[in-house]
Structure formats: C-alpha cells, structure tokens
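A.B. asks: Provide a 3D model corresponding to the input given below.
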Amino acid sequence: MLAIESWPDPALGHGPHVRASGGPEILTDLARPDLDLVIWTRQVPDEWKKELNGHEFSENTLSLTGSLNEILSQVKAPDFCQNYPEFMLEDVAQIAALVAAFAVSDRLTFHLGYEPDQAQITKPAKLKALCCYGESTAGWSSGSRYSGDVLSLLEPFGVAFIPFWNNDRAQIGPPSKSKNIFLTLSAL
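C.D. replies: Okay, here's the model as predicted:
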C-alpha cells in the first residue's frame, strides 16, 4: 500500500498530521493517535461517475440521529431510495457501518445533502467522516495562519475520517456552491 503522509510545520502553525491512501488498508491507521485526519482516496467504478452525472437529485436533505440500525432503515426506505442511485445508498450504508465499528458506537448523526453539515463537523464526536459524491469542493486547512484558506481538497468519492483526538487541527472547510452530494457522519 502506498500512502502519503504530511506533518505540520511547527513554524507555520498547528496543522493536521494527515495520512492518505487509495487502499482500504488506510483504515487501520484510524487507531494511530498521532494522526488528525485519515483520507481514503478510493478508486470507484466508472459506472458510479456515469450514473451520478445522469441523476437528478432531490433538493431535500436527510438528517438523522439514532442507532446504526435506525439510520440504515431510513436510508433503505422506499421514499428515500427513489432520490438516490443504488450504488450511493449501498455506499453510505457501508460508510456508516465503518464509522460505527471504528468508533465502537451505535449512536450516529447522519447528514446527506448538497452541503456537508458544518455544525456536525465542528462538534466533538468519537469519529467523524465526510464523503463527497462528485467533484469535491470541500477541503481542510492547517493551523491558525491558514484559517479560512483551503489548502487541500478531498478527492471525489474520497472519505475523510477525523478521530476525536484531533484537537481541532483538522478543519474541514466549507465547499463552494455545487451540485455535489455530501455525506457527513459523526459517531457520538
């Protein structure tokens, strides 16, 4: 597995210690207490991109708090299923299950819509995750000198995991207005 790792420059501020890779093995790095942000830059099938480009999404946002089973029941509900491609529904269910498993928590906050839930990203949680379906416009900034500046963008379909010990060093920046769908998850 090839992984890219970046360390904050102490002279420039308190930036996040980030590790990223395209392989699922990167998920084992969630146990490392020295990392502030773990990025899984997944390679998804071309069919996902094609299906996403041709899909008309509902303007409705789904925001839920509950157990993993309660959230998965809502995601699989017929009224909700008609608004999203099948691959996306399966993917958000799998990411939700990963977050619950790695956080050892059955309480989740789930948000799926055109913008990530900024309040959810900044609240304390055992583990947070963000995924952008489409061209990502969300990224992270590093340190107090960089507040407000997005230095690195999340790859399309990539998943950013933010562990609870990050001490706010990993700040996910708000996206520019776009027609992408964002999944925001927090394990409580």
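A.B. asks: Tell me where the model's unsure across this structure.
C.D. replies: 1-2, 8-15, 136-151, 165-179 (pLDDT under 70).
A.B. asks: rerun at 80
C.D. replies: For the chain, applying pLDDT under 80 flags the ranges 1-16, 54-60, 114-122, 134-154, 165-180.
A.B. asks: Contact partners for the spatially most central residue of it?
C.D. replies: Central residue of the chain (Cα atoms, centre = their mean): L130, 1.1 Å from the mean position. Shown in contact with L130 (Cβ atoms under 8 Å, 6 or more residues apart in numbering): 116, 121, 138, 154, 159-160, 162, 172, 182-185. Any C-beta I mention is one placed from the backbone N, CA and C, and that applies to glycine too.
A.B. asks: how about 10 Å then?
C.D. replies: The contact partners of L130, taken as Cβ atoms under 10 Å, 6 or more residues apart in numbering, are 39, 95, 111, 116-117, 120-121, 136, 138, 140, 154, 158-162, 172, 182-186.
A.B. asks: cool, and Q43?
C.D. replies: Going by Cβ under 10 Å, 6+ apart, the list of residues near Q43 reads 22-23, 155, 157-158.
A.B. asks: on that earlier part again, for the strand or helix carrying the residue nearest to the centre of the chain, buried residues please.
C.D. replies: Per DSSP states H and E, L130 falls inside strand 127-133. For strand 127-133, a neighbour-count test (16 or more other Cβ atoms under 10 Å) marks 127-133 as buried.
A.B. asks: Looking at the chain, which helix is longest?
C.D. replies: helix 86-103 (DSSP state H).
A.B. asks: can I assume F157 is in contact with V44?
C.D. replies: Yes: with contact defined as Cβ atoms under 10 Å, F157 reaches V44; the gap is 4.7 Å.
A.B. asks: More neighbours: which of these two?
C.D. replies: F157 (21 against 14; other Cβ atoms under 10 Å).
A.B. asks: list the contacts for that one?
C.D. replies: 40-45, 48-49, 52, 91, 131-136.
A.B. asks: thinking again about what came up before, intersection of neighbour lists for F157 and V44?
C.D. replies: Shared contacts of F157 and V44, counting by Cβ under 10 Å, 6+ apart, come down to 52, 91, 133.
A.B. asks: now, which of those residues sits nearest P85?
C.D. replies: Nearest to P85 out of the shared contacts of F157 and V44 is L52 (Cβ to Cβ; 6.7 Å).
A.B. asks: What lies in contact with stretch 89-99?
C.D. replies: 24, 27, 30, 40, 42, 44, 48, 62, 64, 68, 71-72, 75-76, 80-81, 83-85, 105, 108, 110, 112, 125-131, 133, 157, 159, 161, 181, 183, 185-187.
A.B. asks: Checking S105 next. Helix, strand or coil?
C.D. replies: Look at S105: counting by DSSP: H, G, I helix; E, B strand; the rest coil, its state is coil.
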